Structures are given as structure tokens and as C-alpha cells.
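Visitor: Any chance you can model this:
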Amino acid sequence: MDVTGTLVWYYFICKREVWLMYHQITPDEHDTNIEIGRFIHENTYNRNKKEIQFGNVKFDVFMKDSNKMIIGETKKSSKYQTASKYQLLYYLSVLEDAGIKAEGLLLYPEERKRVEVILDDNSRNELKTTLSEIEKLISQDAPPQVKRSNFCRNCGYREYCYA
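Guide: Predicted coordinates:
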């Protein structure tokens, strides 16, 4: 099963959405929040290389600072910082497995905020547990039941879940 950084991010937001995405049930691509996120991604950090594909992952931003490689993940808001952190930890783990040492940086351009993310032993263990839980979740025959949260009102799947 190919877990992606996006699935890791959504795992901390909505487990039902993880299942739907993995099973290629697409959200409303014209949802305002999806369009805003796409706009921010395409129009910020223009001086840096963007969308670097490495295996089954895509990094939003690639930067080099002296002798350090930095992978950046751009988000609209820091509201879901834990989800963003684990998505970036996953990317750092994929690079590390390939023998590439990098550091992570969460980028919130609208807030003018940056948060450093480092893959250490503790985060490796937490990530391993998270990936195991995601694999169990996506191997189920049906999605988890709807669990209402604050995220639902801005979700591209809301019509699917609440129709």
C-alpha cells in the first residue's frame, strides 16, 4: 500500500477522508478551500524550487541553506500544525530511508510563520505507529463512519458525507 504525505496529513484531521482519498474518491475540486490552498501553493516562495517529486512523495518547496537541505511544506494556516508536522516528518523519513539527510520547515505564508521540524528517534517511533494505523485504516472494506468535527464545514467531501 502506497501511503502518501497527504494521507498522513489527513490522518490527523479525518480518518474517513484518508480512506476516501486512498480509494480514489475525489473531493469537490472546485471547493473554495481547495482553490485557496492551490493558489497559495502556486504563488508563494517563488524563488525556491517547487514540487520536487521523490518516489511517491512531492515536496512543496526545496531550499538549500549553506550545507543543509531543507524541505518545506506550505500550508494555508497553522491551525492543523500537528497534521502538517507529521506530513513533513513522513517526507523526511522517506529521504532518510534513501540516505538523504534533510531538515523540515513548515511554511505559513499568510501568517508569516515558519516552524522547524526535525526527524529524531521519538518522532520516528510516532511516525511508524501512525503509518501502521493508516495501513490498517485503508485496508478496511468500507470507510469509517462520519465523525463530525470543525474541519467538516471546510471539507471538499462534506457533500459526500452529509448528502
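Visitor: and residue 100, what does it touch?
Guide: Neighbouring residues of residue 100 by CB atoms under 8 Å, 6 or more residues apart in numbering: residue 69. In short, each C-beta sits where N, CA and C put it, glycine included.
Visitor: This protein: strands as residue ranges?
Guide: Ranges of strands in the chain, per DSSP state E, are 49-54, 57-65, 68-74, 103-108, 113-117.
Visitor: send the alpha carbons of the shortest one over as PDB?
Guide: These are the backbone C-alpha positions of strand 113-117, laid out as PDB (Å, rounded to 0.1, in the frame of the first residue of the first chain):
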ATOM      1  CA  LYS A 113       5.300  32.000  10.200                       C
ATOM      2  CA  ARG A 114       7.900  29.200   9.900                       C
ATOM      3  CA  VAL A 115       8.200  26.100  12.100                       C
ATOM      4  CA  GLU A 116      11.300  23.900  12.100                       C
ATOM      5  CA  VAL A 117      10.700  20.100  12.000                       C
END
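Visitor: now the angle from it to strand 68-74?
Guide: 130 degrees (axes from the mean of the first three to the mean of the last three CA atoms, to 10 degrees).
Visitor: what do you get for the longest one?
Guide: Between the axes of strand 57-65 and strand 68-74, defined by the same axes, to 10 degrees, the angle is 130 degrees.
Visitor: burial measure for the closest residue to residue 55 other than its chain neighbours, as a count.
Guide: Closest residue to residue 55 apart from its sequence neighbours, by CB to CB, 6 or more residues apart in numbering: residue 94 at 6.1 Å. If you count neighbours by other CB atoms under 10 Å, residue 94 ends up with 20.
Visitor: Pretty sure residue 94 sits against residue 54.
Guide: Yes - under the criterion of CB atoms under 8 Å, residue 94 makes contact with residue 54 at 6.7 Å.
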